[in-house]
Structures are given as C-alpha cells and as structure tokens.
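Colleague: Curious how this folds, go ahead:
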Amino acid sequence: MNLMYSLSGFAVGLLVGITGVGGGSLMTPLLVFLFGFKPAVAVGTDLLYASITKTAGVFVHHGKHGSVDWKIVGWLGLGSLPFAGATLYVLKNLMAVGKETTGAITFTLGVALLLTACALLVRSLLLRKAAKQQIDDDHSTQENSGRFSPRWEKIATVLTGAVLGVLVTLSSVGAGALGTVALLFLYPRMSTLKVVGTDLAHAIPLTAVAGLGHLSLGNFDLDLLISLLLGSVPGIWIGSHLSAKIPEHVLRPVLATLLLVIGTKFVLQ
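Modeller: Numbering: from 1, shown residues only. Take a look at the predicted model:
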C-alpha cells in the first residue's frame with residue numbers, strides 16, 4: 001500500500017461525496033500529473049476502481065430506493081458495451097503494430113474533461129428543471145418520461161450509450177456527469193433519484209468491461225488500485241455527510257473551472 005496514493009484517493013473520495021462529481025474526472029488527471037503515471041495505466045486502473053466503488057452505490061439505489069430503470073440501462077448498454085469492445089480492439093491493434101496510443105488517450109481524456117466541465121455547469125440547471133417536470137412515480141416510466149417518441153427514444157439512448165462507451169474506454173471519464181446530463185435531456189420527467197440510479201447501474205458493466213480490457217492490455221497497477229480504494233471509501237463516506245454543510249453552488253463552479261484548465265492542457269499537449 002502507498003500512503004500518498006491512499007491520501008489522494010481520500011481527497012478525491014471526499015470531493016465525490018460532497019459534489020457528486022465522477023471520480024474519473026478527478027482521479028485520472030491526478031494520477032497523470034501528480035504521480036506521473038502513463039495515461040493508459042491511469043485510465044485502466046481508474047476504470048476498475050470505478051467499477052468496484054459504483055457497485056456499492058447501485059445496491060443502495062436498487063435495493064433501498066428501487067431507483068434503477070433497467071430497461072434504460074439495457075438500451076444504454078446495447079450501445080456502450082459493443083463500442084467499448086470495439087475501442088479496446090482498436091487500441092490493441094494500434095499497440096500491436098507499434099503505434100503510439102498515448103496521444104489518442106491523452107487527447108480523448110482532455111475532450112472528456114472539457115465536456116464534463118460543461119456538464120457540471122449545466123447539471124444543476126437541468127436537475128432543477130427536471131424537478132419541476134417530475135410527475136408521480138407511478139407514471140414516471142420510460143414510455144411517458146422521454147423527450148422523443150418511443151422508437152426514437154430507444155435509438156437516441158443506444159447512440160448515447162455508444163458515445164459513452166468510446167469516451168469512457170479511452171479516458172475513464174464520462175460515465176458520471178456526462179451520463180447523468182444525457183439522461184436528464186433524454187428523459188426530462190424521470191425523477192432525479194432514478195436518473196442517478198440508472199446512470200450508476202449502467203456505469204458498472206461499462207467500467208468493468210473497459211477496465212478488464214485495459215487489464216488485458218497491461219494498463220493496470222494493482223498496488224495503486226488497492227491504495228486508492230483504501231483511501232476513497234472513507235473519503236466518500238465523510239464527504240457524503242459533509243455535503244449538506246458545504247454549499248454545492250460554490251464548489252461546483254470551482255471544480256468545473258479546474259477541469260476546464262486540465263482538459264485544455266491535455267488537448268493541447
């Protein structure tokens with residue numbers, strides 16, 4: 001176990017607990033810039049870390065709240081999982097012929113961070129708007145909560161999953177903030193709790209498939225994974241309890257600005 005890795009995991013977990021920002025958008029840049037990990041190793045390790053930590057969240061949302069729409073999870077997965085596999089296949093072949101994959105991963109990571117920063121800035125607005133449009137839980141279903149007709153709703157959801165599959169596999173970023181914003185747009189009358197639970201449930205198989213794929217490519221550090229988990233679990237727990245005391249409207253713009261700066265650096269380097 002590395003104490004510095006655990007302390008970093010604790011700090012990220014604390015921020016995740018307070019703000020709800022996806023750990024990947026904070027953890028991966030930290031591993032690259034602060035500890036000097038190769039982007040591919042940082043992404044691969046963070047994906048497995050995310051799949052483990054998000055599993056506990058789904059047990060709470062599905063078991064305690066019943067707030068997972070498994071039909072939507074299925075449509076998202078229909079797009080994301082095949083595209084995650086295809087992205088891993090491309091990465092493997094690029095590595096096999098000796099081409100540099102770091103540049104592609106770094107650029108995609110930067111783009112994902114920029115998109116996440118934008119998503120953070122509009123997420124609160126969308127959540128408030130969704131809260132006003134919410135209808136009774138008995139009527140809040142896929143059939144009547146979508147923005148489009150049922151046919152186009154499914155197609156749009158699958159395409160959204162495909163985009164998330166590529167972004168998450170290349171950058172480990174996007175399964176949280178971007179997924180939530182996409183669901184808020186596609187299903188404006190779905191309850192906020194169900195949006196979060198559904199996005200979380202979809203993120204588990206996606207991050208697991210992408211993480212295991214990176215593991216097979218050698219993009220993984222076991223000591224780092226264990227250290228991050230030991231630090232982040234108590235960090236998330238404490239952050240969740242502090243969230244009611246620290247104004248989210250203060251922290252969220254600061255985090256968004258930070259992600260904009262880091263994302264721009266990744267894109268331009």
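
Colleague: Wait, Ala104 touches Ser171, no?
Modeller: No - contact criterion Cβ atoms under 8 Å: Ala104 and Ser171 do not qualify, at 10.1 Å. Glycine gets a C-beta too; all of them are placed from N, C-alpha and C.

Colleague: neighbour-wise, which of those two wins?
Modeller: When Ala104 is set against Ser171 and neighbours are counted by other Cβ atoms under 10 Å, the residue ahead is Ser171, at 30 against 17.

Colleague: ok, the more buried one - contacts?
Modeller: By Cβ atoms under 8 Å, 6 or more residues apart in numbering, the residues touching Ser171 are 24, 28, 43, 105, 108-109, 111-113.

Colleague: Neighbour count says what about these? Which are buried?
Modeller: By the neighbour-count criterion of 16 or more other Cβ atoms under 10 Å, those include these buried positions: 24, 28, 43, 105, 108-109, 111-113.

Colleague: Name the surrounding residues that touch stretch 107-126.
Modeller: 21-22, 25, 28-29, 32, 39, 43, 167, 170-174, 176-178, 180-181, 184-185, 248-249, 252-253, 255-257, 259-260, 262-268.

Colleague: Would you mark the buried spots in stretch 155-175?
Modeller: Going by neighbour count (16+ other Cβ under 10 Å), the buried part of stretch 155-175 is 156-158, 160-175.

Colleague: actually stretch 82-101, sorry about that
Modeller: Buried residues in stretch 82-101 (16+ other Cβ under 10 Å): 83-84, 87-88, 91, 101.

Colleague: Repeat that for stretch 30-48.
Modeller: Neighbour-count burial for stretch 30-48, counted by 16+ other Cβ under 10 Å, picks out 30-32, 37-48.

Colleague: Where helices are concerned, which of those residues count?
Modeller: In this view, these that belong to helices under DSSP state H are 30-32, 39-48.

Colleague: circling back: of the contacts of stretch 107-126, buried ones?
Modeller: Buried subset of the contacts of stretch 107-126 (neighbour count, 16+ other Cβ under 10 Å): 21-22, 25, 28-29, 32, 39, 43, 167, 170-174, 176-178, 180-181, 184, 252, 255-256, 259-260, 262-263, 266.

Colleague: Narrow those residues to those in strands?
Modeller: In strands, judged by DSSP state E, none of the buried ones among the contacts of stretch 107-126 are found.

Colleague: Helices - which of these land there?
Modeller: Among those, the members found in helices (DSSP H) are 25, 28-29, 32, 39, 43, 167, 170-171, 177-178, 180-181, 184, 252, 255-256, 259-260, 262-263, 266.

Colleague: you'd agree Leu251 is up against Ile18?
Modeller: Yes - at 6.4 Å, Leu251 and Ile18 qualify as touching, with contact defined as Cβ under 8 Å.

Colleague: Looking at those two, which one has more neighbours?
Modeller: Neighbours per residue (other Cβ under 10 Å) separate Leu251 from Ile18, with Ile18 holding more: 24 against 16.

Colleague: Output the below-cut-off pLDDT ranges for the stretch 1-150 of the chain.
Modeller: Under the criterion of pLDDT under 70, the regions of the stretch 1-150 of the chain flagged as low confidence span 19-22, 56-66, 95-100, 124-147.

Colleague: one more time with 90
Modeller: Across the stretch 1-150 of the chain, the ranges flagged by pLDDT under 90 are 1-3, 8-30, 32-36, 38-40, 49-69, 90-150.

Colleague: Torsion angles phi and psi at the spatially most central residue of the chain?
Modeller: Of all residues in the chain, the one closest to the mean position by Cα atoms, centre = their mean is Ala175, 2.6 Å from it. In terms of degrees, to the nearest 10, the main-chain angles of Ala175 are phi -70, psi -20.
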